[in-house]
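> no FASTA, just this:
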Ligand SMILES: [Zn+2]
């Protein structure tokens, strides 16, 4: 009897010791690749949490912890740590519409309406200049500008998209890249059929890439006939990849739709069975309430480009109506030739200010709404919201650190207000995509910045010559 009691006691003691050892193992911080400490963390998660003294843990490509500094320090030990003191830690910005290589046309022709700008300058310059070498140099420059200003994901529509994809991948950025299909002969395709064949080869080459989502980019309804629009959409459906298109950018496009016996570009595309999930439509300026209802019903994402629309005087997209209808809306810069930069902080600020003025209502687009569009909204519009757009455990580690310690940012009552109304792209100190640090404390690690700038200046001399002729 006594022995038995003793036996039980010994067993209990062994069990207790084993339990303590297990607890100690559980309490030991987990080794991870990177811990970002001591920042103001703007998560953009479901509860829109902002942690005044927060931290983010990253391992491999993913976010593994988002919490207070103390909680993260207790749970994780980073092989690398970044002190985010005086900085906001937030999800990387999502640019839902651009033409990356057009940075090489930055400032080439300003103060013109879209059709004159396109027909007299951009299309001729592109006809003379666009080659794989040109788009590579342009993409490197655009990637440098984007990662320096906190854009971690972008949607692109251009030519030789496979060259753009390779440069984007080596810069380390994430992107949805659309191979252009257009009715007239262009640098990489003599016919729309060539363009479609190129798009198909491009999809096959990049489908499944961790950073690049290949897509088909029929340019616009006014530059394509019905059969080609249908064929482009069918191609993206066949491969389950996104479709990128310019939609209802200027008033002229309404007329083209009416010539095709439909009341609007949206109604025309809908009559072709073109609209559906996976379509990302840029601009959407000239739309009626009925058009917005169609876009919502079909699950189309919309890219709002306030600066391009203002600069080309294309019109004001009815952004509050889109948001009220529950359409997934992201922000875009458009190509640098009509902006003239790729700074998403400006896009946020302009979106907010433009619609306050247009609606004579300072509440029309709040700072929160603008920030939402530049992060989660853009991710949703691009169909990437499960992977990016917020700082949440299990999502990819696309994270930026924004300095808020200088004179321009002092004092700070509300970090979200500062991100929209005060911050510039240049305030971004550190950019991380898919867990890889691309820029640390303003030092770009994935690209050779001086070589890229020198090369871009050389291309500009050739562009100047080409436009003179
Ligand atoms: Zn565009």
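On my side now, so go ahead. Here the structure is a predicted model, which means the values were calculated and not measured.
> Spatially, what comes nearest to the spatially most central residue of the chain if we skip its sequence neighbours?
Closest residue to the average C-alpha location of the chain: residue 94 at 2.4 Å, with C-alpha atoms, centre = their mean. Sequence neighbours aside, residue 378 is the residue nearest to residue 94 in space, at 3.1 Å (criterion: C-beta to C-beta, 6 or more residues apart in numbering). Quick note: C-beta positions are derived from backbone N, CA and C, even for glycine.
> Surely that neighbour and residue 398 touch.
No. Applying C-beta atoms under 8 Å as the test, residue 378 and residue 398 come out as separate, 11.4 Å apart.
> Comparing those two, which residue is more hemmed in?
Taking neighbours as other C-beta atoms under 10 Å, residue 378 and residue 398 compare with residue 378 leading, 35 against 30.
> and that one, what does it touch?
Counting by C-beta atoms under 8 Å, 6 or more residues apart in numbering, residue 378 touches 93-96, 153, 303, 330-331, 389.
> one more time with 10 Å
91, 93-97, 151, 153-155, 280, 301, 303-304, 328-332, 344, 347, 372, 384-385, 388-389 (C-beta atoms under 10 Å, 6 or more residues apart in numbering).
> looking at this, it is in a strand?
No. Secondary structure assignment places residue 378 outside any strand; it is helix (DSSP: H, G, I helix; E, B strand; the rest coil).
> shared neighbours of residue 378 and residue 398, anything?
Listed as contacting both residue 378 and residue 398 by C-beta under 10 Å, 6+ apart are 91, 93-94, 151, 153, 384, 388-389.
> re earlier: so of the contacts of residue 378, which ones are in helices?
Using DSSP state H, the subset of these located in helices is 344, 347, 372.
> Skipping adjacent residues, who's closest to the second one in space?
Of all residues not flanking residue 347 in the chain, residue 331 sits nearest, at 4.5 Å (C-beta to C-beta, 6+ apart).
> Please name the residues that touch that neighbour.
Residue 331 sits next to 93-97, 303-307, 319, 344, 346-348, 350-351, 370-375, 377-378, 381 when contact means C-beta under 10 Å, 6+ apart.
> 6 Å instead, please
Residues near residue 331 by C-beta atoms under 6 Å, 6 or more residues apart in numbering: 304, 347, 351, 373-374.
> Same question for residue 193.
Residues in contact with residue 193 (C-beta under 6 Å, 6+ apart): none are found.
> isn't there a helix covering it?
Yes. Counting by three-state DSSP, residue 193 is part of a helix.
> circling back: now do the residue nearest to the centre of the chain, the pLDDT please.
On pLDDT, residue 94 comes in at 99.
> Kindly report the same for the one 4 residues further on.
The score at residue 98 is 98. That number is its pLDDT.
> In this protein, where is pLDDT below threshold?
Along the chain, the parts satisfying pLDDT under 70 run over 1-26, 469.
> Tell me where the longest strand sits in it.
Longest strand of the chain, by residue count under DSSP state E: strand 30-42.
> distance between that one and the chain's centre?
Using C-alpha atoms, centre = their mean, to the nearest Å, the distance from the centre of strand 30-42 to the centre of the chain it belongs to is 23 Å.
> what element comes up after it heading to the C-terminus?
strand 50-59 (DSSP states H and E).
> What are the contacting residues of the following helix or strand past that following strand?
Per DSSP H and E, strand 50-59 leads on to strand 62-68 as the next helix or strand towards the C-terminus. By C-beta under 6 Å, 6+ apart, the residues outside strand 62-68 that reach it are 32, 43, 51, 54, 56-57, 72, 75-76, 391, 393, 395, 397.
> Which positions within strand 62-68 qualify as buried?
Residues of strand 62-68 classed as buried by neighbour count (16 or more other C-beta atoms under 10 Å): 62-67.
> burial of residue 238, as a residue count?
Counted by other C-beta under 10 Å, the residues lying close to residue 238 total 11.
> Confirm that it sits in a helix.
Yes. Under three-state DSSP, residue 238 falls within a helix.
> how close does it get to residue 290?
30 Å (C-beta to C-beta, to the nearest Å).
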